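Novice: Requesting a structural model of the entry that follows:
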Amino acid sequence: MKILFISSQFYPTLGGIPTISQYLIEYFIKQKNNTILITKTEMTKYEKKLFNFVICSNPSRKKINELHEWADIVFHNNICLSLSSIRLKYFKKTIVTSQYWLGRKFSFRYLIKKIFLKLSAQNIFISKSIKEHINISGKIIPNFYNEKLFYNIKPFSLRKRKIIFVGRTTDEKGVDIFIRSIKLIEKKLNKGDVTIVGIGNKLNEYKKLKKKLKIFNLFNFVKKKYNELNKYYNNHRIHVVPSKKEPFGIVTLEGCASGCIGVLSNMYGLSEFNKKIFQFYNNNDFVKLAYLLKKNIIKPKIINNNIKKKYLSKFHLDIIANKYLAIFNKFKKNNND
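Specialist: The predicted model follows:
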């Protein structure tokens, strides 16, 4: 099968969409599917050589149309209008996974995206929250985590540090809520017990906030490569996902697989995770977050590993990727009949 894979972002850009795109393409190729990626991300020749598939960065309109004609399936890992062909004949083989909200409702861009999705052959949503927001029929296929990278390698009792956050340091990730909660439990923490792994446009602002709250010594701010994260998870006991707006939350699965206790905001996609495995607090309620953190520092609520493994197995790469391939094959067959 010939798959044109459209991903607005890709390496070296960091984030969920580039990572998901890379692993899906590699799996599709492993299953003998000829897959070409087009992306808006500028890549050098050296960067492109890091991957075993063809990559077209910022292709011309002519090239975009040629690739749409070549493909059996056109797949958007999140809708990207600028890399799409507007020729109606291609919509019957276009499949779109919505990774995020469409933007401000009833804005011009929102309406154009919604029309595009309605014309597409199949819509897929990563969470119930995204499907309800977009309000178009389609299937829910959750995102996956890389079980070969994230796993439990250190007993809980041997983990030296207490709490970790992994993600972009931006408003929507709720880092300010997390820092304020730490202030309320500072007496239960030692120097360097809290780690924030990530970069973002609010990083300096959050560093100033912890200085203002006089809890500077409790924190470590680090920047690490994706394949180094498991080591960091495994050195901490509690993983916090305090997002104010989260369509899914892959880090939730990564932290859980790495043996951490998961404490999550109950907003949007995060609220759909198993409530018997994860602990939740109301969005923006840093007092309740502090309570849950303190409670797990004093008496950790550790979930049986077999229960976690059974739950996490639904989110393995091969399980999710094969769901996509089943849909692709169905539409390829229908279009050829």
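
Novice: what does the biggest helix by length in the chain rub up against?
Specialist: Longest among the helix segments of the chain by residue count, using DSSP state H, is helix 317-336. Here helix 317-336 makes contact (Cβ atoms under 8 Å, 6 or more residues apart in numbering) with 1, 3, 23-24, 27-28, 31, 33, 72-73, 75, 92-93, 95, 121-122, 124, 139, 141-147, 313. All C-beta spots, glycine's among them, are computed from the backbone N, C-alpha and C.

Novice: List only buried entries from those residues.
Specialist: Buried by 16 or more other Cβ atoms under 10 Å: 3, 23-24, 27-28, 33, 72-73, 75, 93, 95, 121-122, 124, 141-147, out of these.

Novice: re the thing from before, tell me which residues of the longest helix of the chain come out buried.
Specialist: Neighbour-count burial for helix 317-336 flags L317, I320, A321, Y324, L325, I327, F328, F331, K332 (criterion: 16+ other Cβ under 10 Å).

Novice: which one of the residues you listed is nearest F221?
Specialist: Ranked by distance to F221 (Cβ to Cβ), the buried residues of helix 317-336 are led by L317 at 30.1 Å.

Novice: pLDDT score for that closest one?
Specialist: pLDDT for L317: 97.

Novice: Now do the end-to-end distance for stretch 161-171.
Specialist: Start-to-end span of stretch 161-171 (Cα to Cα, to the nearest Å) is 25 Å.

Novice: repeat for stretch 179-193
Specialist: Start-to-end, stretch 179-193 (Cα to Cα) is 13 Å.

Novice: Offset the numbering so it begins at 15, please.
Specialist: Got it, first residue is 15 now, which makes that one stretch 193-207.

Novice: buried set for it?
Specialist: For stretch 193-207, the neighbour count (16+ other Cβ under 10 Å) marks I193, R194, S195, I196, K197, L198, I199, E200, L203, D207 as buried.

Novice: secondary structure element for the first one?
Specialist: Under the assignment given by DSSP states H and E, the secondary-structure element containing I193 is helix 189-198.

Novice: helices or strands up against the helix or strand following that helix?
Specialist: As assigned by DSSP H and E, the chain's next helix or strand after helix 189-198 is strand 208-211. Judged by 3 or more Cβ pairs under 8 Å, 6 or more residues apart in numbering; DSSP states H and E, the packing partners of strand 208-211 are strand 175-180, helix 189-198, strand 233-236, helix 243-247.

Novice: For strand 208-211, what is the distance to the chain centroid?
Specialist: 18 Å (Cα atoms, centre = their mean, to the nearest Å).

Novice: Likewise for stretch 205-212?
Specialist: Distance of stretch 205-212 from the chain centroid (Cα atoms, centre = their mean) equals 21 Å.

Novice: Likewise for stretch 281-290?
Specialist: Here stretch 281-290 shows a centroid-to-chain-centroid distance of 14 Å under the convention Cα atoms, centre = their mean.

Novice: what's the answer for stretch 106-118, then?
Specialist: Distance of stretch 106-118 from the chain centroid (Cα atoms, centre = their mean) equals 15 Å.

Novice: what comes up buried for that stretch?
Specialist: Residues of stretch 106-118 classed as buried: K107, T108, I109, V110, T111, S112, Q113, Y114, L116 (neighbour count, 16+ other Cβ under 10 Å).

Novice: Farthest-apart pair in those, please.
Specialist: Spanning the widest gap among these are K107 and Y114, at 23.0 Å by Cβ to Cβ.

Novice: Next, find the distance separating S35 from V208.
Specialist: 32 Å (Cβ to Cβ, to the nearest Å).

Novice: These two: which is more packed in?
Specialist: Neighbours per residue, other Cβ atoms under 10 Å: of S35 and V208, the larger number sits with V208, 28 against 23.

Novice: shouldn't the more buried one be in contact with V189?
Specialist: No - in this structure V208 lies outside contact range of V189 using Cβ atoms under 8 Å: 11.3 Å.
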